[in-house]
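Chemist: Pasting a predicted model and its sequence here:
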Amino acid sequence: MKKDFAVIGLGRFGGSICRELAEQGLEVMAIDTNEARVNEFSIIASHAVVGDTTDESVVKGLGLRNFDHVIVAIGDDIQASILTTLILKENGVDKVTVKAQNDYHEKVLKKIGADVVVHPERDMGRRIAHKLASNNVLDYLELSDEHSIVEIVANERVGGHSIIDLDIRAKYGVNIVAIKRREQILVSPQANEIIQYKDILIVIGADHDINRFEKKML
Ligand code: ADP
């Protein structure tokens with residue numbers, strides 16, 4: 001039987017992944033070269049092991065190929081992160097998710113077969129920048145390089161108008177997928193729904209269209 005997850009590297013990122021998975025009741029093996037960090041996770045993870053995963057015999061010995069999903073959260077040591085990823089893929093691990101430090105790192109990881117590459121600092125930075133850049137934007141989720149979902153607060157200009165009145169889809173090419181109104185959430189609102197001042201509009205579309213919508217309407 002396949003085991004759930006293994007996390008390699010127990011820094012802030014890997015540690016937090018490990019904690020969340022364990023909290024959700026999932027089996028997780030925690031691995032790090034640093035004994036103190038491993039000890040810290042011995043009561044959190046199902047197994048916590050000291051090991052250097054750039055050594056193929058360690059990867060084999062831990063039976064990492066039997067895991068459904070291995071997360072490589074090695075921080076600054078890009079060489080160790082790349083070598084670990086390569087060994088995991090060569091040993092037949094199905095799904096390997098790796099944290100990238102920069103764009104070059106990401107490119108190499110993709111080339112050697114990493115299944116998912118995450119870039120938490122860059123993504124969080126972008127998310128925060130979007131919130132900072134506009135008073136109306138509450139949250140932002142990047143769907144691709146060019147598409148996002150954004151939470152925008154409705155101002156007086158849109159408040160009191162229906163979606164069809166504002167002609168949002170035709171004029172701006174964006175769609176309101178949901179409206180949060182106090183405790184209520186209206187999913188897929190009808191075109192005749194009247195937007196209220198301070199409603200939170202959840203808008204999906206191309207980034208440049210969302211920007212146009214924000215600038216013109218809000
Ligand atoms: P973060 O930015 O997420 O806090 P850190 O650089 O603090 O990342 O943590 C990365 C962790 O990865 C460290 O605990 C380090 O000991 C561990 N690590 C580094 N190289 C290896 C390796 N070859 N095998 C296993 N763990 C490693």
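Modeler: Cool, the structure landed.
Chemist: quick one, domains of this structure?
Modeler: Each structural domain of the chain that the record assigns through automatic domain parsing is listed here as a residue range: 3-118, 123-217.
Chemist: export the ones you listed to TSV and tack on distance to the ligand?
Modeler: Using the backbone N, CA and C atoms, a C-beta is placed for each residue, glycine as well. As requested, these are arranged in TSV below (distance: least, CB to the nearest ligand atom, whole Å):
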stretch	distance to the ligand
domain 3-118	2
domain 123-217	12
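Chemist: which of these is buried the deepest?
Modeler: Ranked by mean neighbour count, the domains of the chain are led by domain 3-118 with a mean of 18 (mean count of other CB atoms under 10 Å).
Chemist: what is the mean pLDDT for that one?
Modeler: Summarised as a single mean, pLDDT over domain 3-118 is 96.
Chemist: where do the helices sit along the protein?
Modeler: Shown for the chain, the helices assigned by DSSP state H span residues 12-23, 35-41, 56-61, 78-90, 103-111, 120-133, 163-166, 168-172, 207-217.
Chemist: Is it possible to get CSV of those that adds distance to residue 71?
Modeler: Output for those, formatted as CSV (distance: least, CB to CB, whole Å):
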stretch, distance to residue 71
helix 12-23, 6
helix 35-41, 13
helix 56-61, 14
helix 78-90, 10
helix 103-111, 13
helix 120-133, 12
helix 163-166, 41
helix 168-172, 38
helix 207-217, 29
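Chemist: Show me the one of those helices that comes nearest residue 196.
Modeler: For these, distance to residue 196 was read as CB to CB. The smallest value, 11.9 Å, belongs to helix 163-166.
Chemist: How about residues contacting the closest one?
Modeler: Judged by CB atoms under 8 Å, 6 or more residues apart in numbering, the contacts made with helix 163-166 from elsewhere in the structure are 158, 176, 189, 190, 191, 192, 193, 195, 217.
Chemist: Quick one, which of these has the minimum pLDDT?
Modeler: The lowest pLDDT within the contacts of helix 163-166 belongs to residue 217, which sits at 73.
Chemist: That one touches residue 159, doesn't it?
Modeler: No: look at residue 217 against residue 159 with CB atoms under 8 Å: they stay out of range, at 10.8 Å.
Chemist: so who does the nearest residue to residue 70 once chain neighbours are set aside touch?
Modeler: Nearest-residue entry for residue 70: residue 6, 4.7 Å, with adjacent residues in sequence omitted and distances by CB to CB, 6 or more residues apart in numbering. The neighbourhood of residue 6, defined by CB under 8 Å, 6+ apart, consists of 28, 29, 30, 31, 62, 64, 67, 69, 70, 71.
Chemist: Closest to residue 38 out of the residues you listed?
Modeler: Comparing those against residue 38 with CB to CB places residue 30 closest, at 6.7 Å.
Chemist: For beta bridges, what are the partners of that closest one?
Modeler: Beta-bridge pairing for residue 30 (DSSP bridges): residue 7, residue 48.
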